[in-house]
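K.L.:
Next one to model:
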Amino acid sequence: MLLTNLRDFEWYNEPEDVSFEERGMAVLTKNQTDFWQSKHHNFKKDDGHFFFTRRTGNFTLDVKWIFEPEGRFDQCGIMVRIDERNWFKASVMYDNPSRPMLGSCVTNNGYSDWAAQKIPEGVSEVWYRVKRNNGDYLIFYSLDGEHFEQIRLLHLINDTPEVKAGAYTCSPQRGGVEAVLTKLEFS
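P.N.:
I've put the predicted structure just below:
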C-alpha cells in the first residue's frame, strides 16, 4: 500500500493507534466501538473507526484486511457511508471463535439490518470489493484475492451524489484489537 495513495483519506472516529509496517497500516481499536442502529437491540453505536475518502459517480473499491480472530464481534471490513443514519458495511465477524461469519449490514433511515453466511474456520485475511453503479451497490468478498463472490446487492434509500467510501474496524465488546489494512484501492 503506497502512502501517497492515502493522502486524500481521513478518519471518522480516529482509532487508539495507527502505525505503518511492511505489510500495511496497522490499526488498533478503541474500547467497545461499533457501527449499529437498532430498535430491536435497543442501542445505537456510531463510534467505530472508518478510514475513508469522498467519492462521486460510479466506482469500484477494493480493501484487504489481515487479522487474528480473537474476540466476539470484532470486525474489520469495507464501508460506504452517507451519514450516521445511512450506510452499509461488510466484514468477517466471530460470534463464536470456531464459527466465523461473513456479515453485511445496511442502515437506512437509522435502522440496521443484518445478513450473515458461514465461511471456513481459520480465515485471517479477506479481500472486499464494492461496486457503485448508478446508485446501486454490489458487495463482494474473496479469500484468495482472485475469486470474488457476491454477498449482497443493495440500494441506500437516501443515496447522495457524494459518499464516503473506505475501510472500517471496530470491537464492540473490548478494545485493543489490531488489524492490518494491506489494500485500499479505487478503480
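
K.L.:
Trp11: neighbour count?
P.N.:
13 (other Cβ atoms under 10 Å). (Glycine included, C-beta is placed from N, CA and C.)

K.L.:
State the distance from the closest residue to Thr33 other than its chain neighbours to Asp46.
P.N.:
Beyond its immediate neighbours in the sequence, the residue positioned closest to Thr33 (Cβ to Cβ, 6 or more residues apart in numbering) is Cys170, lying 4.2 Å away. Note on Cys170: its distance to Asp46, by Cβ to Cβ, to the nearest Å, is 10 Å.

K.L.:
what's the answer for Leu156, then?
P.N.:
To Asp46, Leu156 is 16 Å away according to Cβ to Cβ.

K.L.:
Can you pick out the residue with more neighbours from the two?
P.N.:
More crowded of Leu156 and Asp46, by other Cβ under 10 Å: Leu156, with 21 against 18.

K.L.:
Okay, now the unreliable bits of this structure?
P.N.:
Counting by pLDDT under 70, the chain shows low-confidence ranges at 1-4, 39-41, 97.

K.L.:
Using CSV, write down the CA coordinates of stretch 63-79.
P.N.:
Provided in CSV are the C-alpha atoms of stretch 63-79 (Å, rounded to 0.1, in the frame of the first residue of the first chain):
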residue,chain,number,x,y,z
VAL,A,63,-10.0,-3.4,0.5
LYS,A,64,-7.9,-6.2,2.1
TRP,A,65,-7.5,-6.8,5.9
ILE,A,66,-5.2,-9.2,7.8
PHE,A,67,-6.4,-10.0,11.3
GLU,A,68,-6.3,-12.6,14.1
PRO,A,69,-9.8,-13.5,15.2
GLU,A,70,-9.9,-13.5,19.0
GLY,A,71,-12.9,-11.6,20.3
ARG,A,72,-16.6,-11.9,19.9
PHE,A,73,-17.9,-9.5,17.3
ASP,A,74,-14.5,-8.0,16.4
GLN,A,75,-14.8,-6.6,12.8
CYS,A,76,-12.7,-5.2,10.0
GLY,A,77,-14.1,-4.7,6.6
ILE,A,78,-15.5,-2.2,4.0
MET,A,79,-18.0,0.6,4.4
